[in-house]
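Asker: model this:
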Amino acid sequence: MILRSWRTVATALTTAVATAMTVGAAAPPPEWYDELGPEIAAIMSKPAYQHAQWGLLEIDEATGRVVHSRYADQFFIPGSTAKLVSVSGAWHTLGGDHRFTTPVQAVGDRDGTALNGSLVLIAQGDLTMGGRTKPDGTVDFTSLDHTYANDVPGATLTPEDPLAGLDGIARQVRESGLTEIRGDVAVDARLFAVDPELDPSPDPLIINDNVIDLLTTPAAAGQPAQLTWRPQVAPYQVESTVQTVAPGGTTDIAVTASPDGTHITLSGTIAADAPPALRISHVKDPSAFGRTALIEALARAGVTVTAPPTGPNPVGALPASYDGTQRVGAYVSPVFSQYARLILKVSHNLGANLAVCLMAVSAGSHQCADGFPVLTGFLRQAGIDPTQVQLLDGRGGNPVDRVTPRVENEILHYWQGTPDADLFREAQPILGVDGSLATACAGCPTCPGKGKVWAKPGSVIGYDAVNQRLAVGGETLGGYLDAGNGRLHTFYLAVTGASTPDISGFLDVVNDLSRISGLLQEQAAA
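Answerer: Sure thing, here's the model as predicted:
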């Protein structure tokens with residue numbers, strides 16, 4: 001999901017005078033709508049799509065028969081369906097069974113239970129560091145991820161402890177016989193350089209998606225709201241002036257932070273009958289944050305560190321080589337296919353951009369941009385024309401990003417010829433069931449295709465100041481249709497240039513594509 005200038009959008013919609021334009025009647029539907037059936041044609045002919053262009057390619061996976069095709073080789077703004085490309089490249093490059101091992105090395109000499117030297121955590125680009133890992137080794141998610149909490153109402157948290165990976169490492173350090181570190185603790189984040197061209201920019205060390213979760217719960221009307229936050233790591237401090245207002249009142253919570261991100265303030269109101277409201281604040285220095293979090297985890301495990309727990313990450317303590325040092329702990333991640341599932345299910349932007357950096361590392365580079373030639377190599381190896389893709393990030397948020405319906409179908413087809421075919425298909429959101437398609441067809445009396453469409457959605461929206469409306473630059477959906485009897489169809493559906501008066505209208509656009517995919521599924525299975 002791409003929300004361009006979201007706060008500007010919301011403010012403009014709130015303050016705009018009541019002079020909204022009336023959209024004229026939609027033009028007669030083109031002849032190609034006839035083959036789609038009257039229900040789909042009626043959706044595509046809505047006033048919201050008066051000046052829009054639709055694209056569609058649906059292919060019978062077993063026979064290669066083209067079921068529907070329109071503008072199959074034309075570029076469309078992909079939004080988050082670009083993740084189908086970037087995640088595929090990383091999955092192919094690393095392997096679905098790849099695990100990230102994040103070690104902690106003892107640099108110095110041991111003196112009984114003491115280390116005369118430093119502990120160094122060597123960041124490996126692990127996406128969660130155990131913060132979402134369930135006891136069975138799978139990665140947890142909610143339908144609306146906490147990383148979207150400041151932009152989309154209703155984001156929720158998974159129950160796992162964000163510091164679980166560091167606590168596990170600290171226990172291993174203690175079990176190695178160490179009880180005292182007479183030097184420092186450092187994070188080695190030299191795996192790759194942070195790339196400002198990627199937004200959000202991944203860091204080699206990622207704990208809790210490098211955000212602080214801030215959960216506000218209403219009290220009685222007129223009373224201060226209750227606040228809980230995680231992970232609680234020094235020197236981060238949080239205060240709240242949020243007040244509870246009468247039931248039915250306005251919930252409007254703003255988050256501000258100091259330049260270094262360590263002092264966070266929440267202000268505003270929450271209605272007494274409102275559900276808890278989640279917000280986030282970004283960690284500005286992941287290495288310093290991780291260093292302190294590890295020192296605190298070591299203390300919980302019974303290991304003392306003589307160095308101050310807070311402060312900058314001591315990069316001067318990093319050795320040129322770890323030859324001759326002792327590994328005293330390590331966190332081993334779930335398999336990469338689980339991380340890919342997370343990225344695709346909730347449209348995890350940081351993880352999608354991280355995929356580009358990890359491809360660069362696989363090629364021996366520290367520069368994330370060097371991941372794109374690896375991606376190009378994957379496409380060529382898969383027999384896919386790379387000129388049908390334009391990307392400058394992994395998540396689909398850059399203005400240059402474009403894909404054709406054909407290339408998305410070819411990527412979907414590629415995976416069906418691999419041992420990971422089912423894993424890749426099931427990693428997509430499922431219509432009406434989970435991930436970013438959990439609430440698809442909301443408000444509809446029926447949800448055609450529920451549980452029988454596996455697809456990644458994408459959105460790019462902004463504010464049209466001329467007409468005081470929302471402009472939907474692109475709404476897309478690509479994945480698999482259950483065609484019955486064990487058969488699948490691949491499909492990619494896109495619309496560019498839709499226009500709606502408000503957020504409710506935009507959600508209607510999202511649901512329109514979901515409903516079309518469900519109708520296509522019913523046709524395929526008929």
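
Asker: what's the distance between the top helix by length along the chain and the middle of its chain?
Answerer: Of all the segments of type helix in the chain, defined by DSSP state H, the longest one is helix 503-525. Offset of helix 503-525 from its chain centre (Cα atoms, centre = their mean, to the nearest Å): 22 Å.

Asker: Quick check: residue 476 touching residue 492?
Answerer: Yes - with contact defined as Cβ atoms under 8 Å, residue 476 reaches residue 492; the gap is 7.3 Å. Yep, even glycine has a C-beta here, placed from its N, CA and C like the rest.

Asker: Need the residues touching each of the two.
Answerer: residue 81 (Cβ atoms under 8 Å, 6 or more residues apart in numbering).

Asker: need the contact list for residue 140.
Answerer: Residue 140 neighbours (Cβ under 8 Å, 6+ apart): 132-134, 158-160.

Asker: mind checking how far it is from residue 425?
Answerer: 20 Å (Cβ to Cβ, to the nearest Å).

Asker: buried sites along stretch 417-434?
Answerer: 420, 423-425, 427-434 (16 or more other Cβ atoms under 10 Å).

Asker: again with stretch 68-85
Answerer: Neighbour-count burial for stretch 68-85 [16+ other Cβ under 10 Å]: 68-72, 75-85.

Asker: Narrow the residues you listed to those in strands?
Answerer: 68-70 (DSSP state E).

Asker: pLDDT and distance to residue 364 added to those residues, as a markdown table?
Answerer: Listed next are those as a markdown table, based on pLDDT from 0 to 100; distance: Cβ to Cβ, whole Å:
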| residue | pLDDT | distance to residue 364 |
| --- | --- | --- |
| 68 | 96 | 43 |
| 69 | 96 | 41 |
| 70 | 95 | 43 |
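
Asker: neighbouring contacts of stretch 425-441?
Answerer: Against stretch 425-441 from outside (Cβ under 8 Å, 6+ apart): 1, 80, 141, 143-144, 337, 340-341, 344-347, 415-416, 447-457, 479-480, 488, 510-511, 514-515, 517-518, 521.

Asker: now the helices for the stretch 401-526 of the chain?
Answerer: For the stretch 401-526 of the chain, helices defined by DSSP state H, counting those that start in this stretch occupy the ranges 405-416, 421-426, 503-525.

Asker: looking at these, which is closest to residue 283?
Answerer: Closest to residue 283 of the helices of the stretch 401-526 of the chain is helix 503-525 (Cβ to Cβ; 29.0 Å).

Asker: elements contacting the closest one?
Answerer: When contacts are defined as 3 or more Cβ pairs under 8 Å, 6 or more residues apart in numbering; DSSP states H and E, helix 503-525 sits against helix 38-44, strand 53-60, strand 453-464, strand 469-484, strand 487-496, strand 498-500.

Asker: Can you convert these into a markdown table and add a column each for mean pLDDT and mean neighbour count?
Answerer: Listed next are these as a markdown table, based on pLDDT from 0 to 100; neighbours: other Cβ atoms under 10 Å:
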| stretch | mean pLDDT | mean neighbour count |
| --- | --- | --- |
| helix 38-44 | 94 | 16 |
| strand 53-60 | 97 | 21 |
| strand 453-464 | 97 | 25 |
| strand 469-484 | 97 | 24 |
| strand 487-496 | 98 | 25 |
| strand 498-500 | 96 | 23 |
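
Asker: Distance to residue 187 for the ones you listed - can I get that in JSON lines?
Answerer: Shown next, in JSON lines, are the helices and strands packed on helix 503-525 (distance: least, Cβ to Cβ, whole Å):
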{"stretch": "helix 38-44", "distance to residue 187": "51"}
{"stretch": "strand 53-60", "distance to residue 187": "45"}
{"stretch": "strand 453-464", "distance to residue 187": "33"}
{"stretch": "strand 469-484", "distance to residue 187": "38"}
{"stretch": "strand 487-496", "distance to residue 187": "41"}
{"stretch": "strand 498-500", "distance to residue 187": "45"}
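
Asker: between the ones you listed, which gets nearest to residue 116?
Answerer: Judging the helices and strands packed on helix 503-525 by Cβ to Cβ, what sits closest to residue 116 is strand 453-464, at 52.0 Å.

Asker: If you count neighbours, what's buried in the longest helix of the chain?
Answerer: 505-506, 508-524.

Asker: quick revisit: who wins for most neighbours among the contacts of residue 140?
Answerer: Most neighbours among the contacts of residue 140, by other Cβ atoms under 10 Å: residue 132, with 24 neighbours.

Asker: who touches it in this structure?
Answerer: 139-141, 158, 160, 342.

Asker: and the two most separated of those?
Answerer: 160 and 342, at 12.2 Å, using Cβ to Cβ across the contacts of residue 132.

Asker: What residues are bridge-paired with residue 68?
Answerer: Counting by DSSP bridges, residue 68 is bridged to residue 58.

Asker: Surely it and residue 58 touch.
Answerer: Yes - counting by Cβ under 8 Å, residue 68 does reach residue 58; the two are 4.4 Å apart.

Asker: ok, residue 431 to residue 439 distance?
Answerer: Counting by Cβ to Cβ, the gap from residue 431 to residue 439 is 10 Å.

Asker: Check residue 254 too.
Answerer: Distance of residue 254 to residue 439, computed by Cβ to Cβ: 26 Å.

Asker: just residue 249 next, same as before
Answerer: 25 Å.

Asker: Same check on residue 525?
Answerer: 23 Å.

Asker: re the thing from before, out of the buried residues of stretch 68-85, which sit inside helices?
Answerer: Short answer: these in helices (DSSP H) are 83-85.

Asker: Quick check on residue 254 and residue 439: which one has the bigger neighbour count.
Answerer: residue 439 (16 against 12).

Asker: unless I'm mixing things up, residue 186 is touching residue 314, no?
Answerer: Yes - using Cβ under 8 Å, residue 186 makes contact with residue 314 at a distance of 4.9 Å.

Asker: Give me the common contacts of those two.
Answerer: Counting by Cβ under 8 Å, 6+ apart, the contacts common to residue 186 and residue 314 are 118, 291.

Asker: Any stretches of the stretch 1-150 of the chain with poor pLDDT?
Answerer: The model of the stretch 1-150 of the chain has pLDDT under 70 over residues 1-30.

Asker: Let me see the ranges of the helices in it.
Answerer: Using DSSP H, counting those that start in this stretch, helices in the stretch 1-150 of the chain cover 6-15, 38-44, 83-94.

Asker: The ones in strands among the buried residues of stretch 68-85 into a markdown table, with extra columns for distance to residue 327?
Answerer: Output for those, formatted as a markdown table (distance: Cβ to Cβ, whole Å):
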| residue | distance to residue 327 |
| --- | --- |
| 68 | 55 |
| 69 | 55 |
| 70 | 56 |
